[in-house]
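Chemist: Have a look at this prediction, sequence included:
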Amino acid sequence: MRAGKLDRTIIVSRFDAGAVNAYGTPEPTYAPIATVRAQVVQSSTEEFLSGQGATAETAIIFRIRYIPGLTTADRVGHEGRSFNLIEIKEIGRRHGLELRCEASE
């Protein structure tokens, strides 16, 4: 993985149940666990028909250096948008990760 290709910055966040507010209910948040450099491998938007009518789905693939403990329960922030992790592929032996993400609404 060449360092010059890692030209984007992404924020990897993990779900946190949060503290209890004044009404006694937890306020869930996403806490950032890492800010890393990434390469955008592929970005696409597909439009298809579903039960609600025409919908659009944005998918993007990021390539980053290896982060231990990353799961599909985490999410990625890039250019002000949030993306849910769909699939994580390991590149080499703990050399890097390829993150397949879909835009969250």
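Modeler: All right, it came through fine. Residues are numbered from 1 along each chain as shown.
Chemist: tell me, how many neighbours does residue 6 end up with?
Modeler: 19 (other Cβ atoms under 10 Å). (Each C-beta comes from the backbone N, C-alpha and C, glycine too.)
Chemist: From residue 20, how far off is it?
Modeler: 39 Å (Cβ to Cβ, to the nearest Å).
Chemist: Kindly report the same for residue 65.
Modeler: With Cβ to Cβ as the criterion, residue 65 and residue 20 are 36 Å apart.
Chemist: Which of the two has more residues huddled nearby?
Modeler: For the pair residue 65 and residue 20, the greater number of neighbours falls to residue 65 (16 against 10), based on other Cβ under 10 Å.
Chemist: Let me see the residues that make contact with stretch 18-32.
Modeler: Residues from elsewhere that reach stretch 18-32, judged by Cβ atoms under 8 Å, 6 or more residues apart in numbering: 11, 12, 13, 14, 15, 16, 17, 75, 77, 82.
Chemist: Quick check: which ranges of this protein have low pLDDT?
Modeler: Applying pLDDT under 70 to the chain flags residues 44-56, 105.
Chemist: Centroid-nearest residue for it?
Modeler: Closest residue to the average C-alpha location of the chain: residue 76 at 2.5 Å, with Cα atoms, centre = their mean.
Chemist: Helix or strand: which one has that one?
Modeler: In this assignment (DSSP states H and E), residue 76 forms part of strand 75-78.
Chemist: so what does that strand touch, helix or strand wise?
Modeler: Packing partners of strand 75-78 (3 or more Cβ pairs under 8 Å, 6 or more residues apart in numbering; DSSP states H and E): strand 8-16, strand 29-50, strand 53-65, strand 81-91, strand 96-103.
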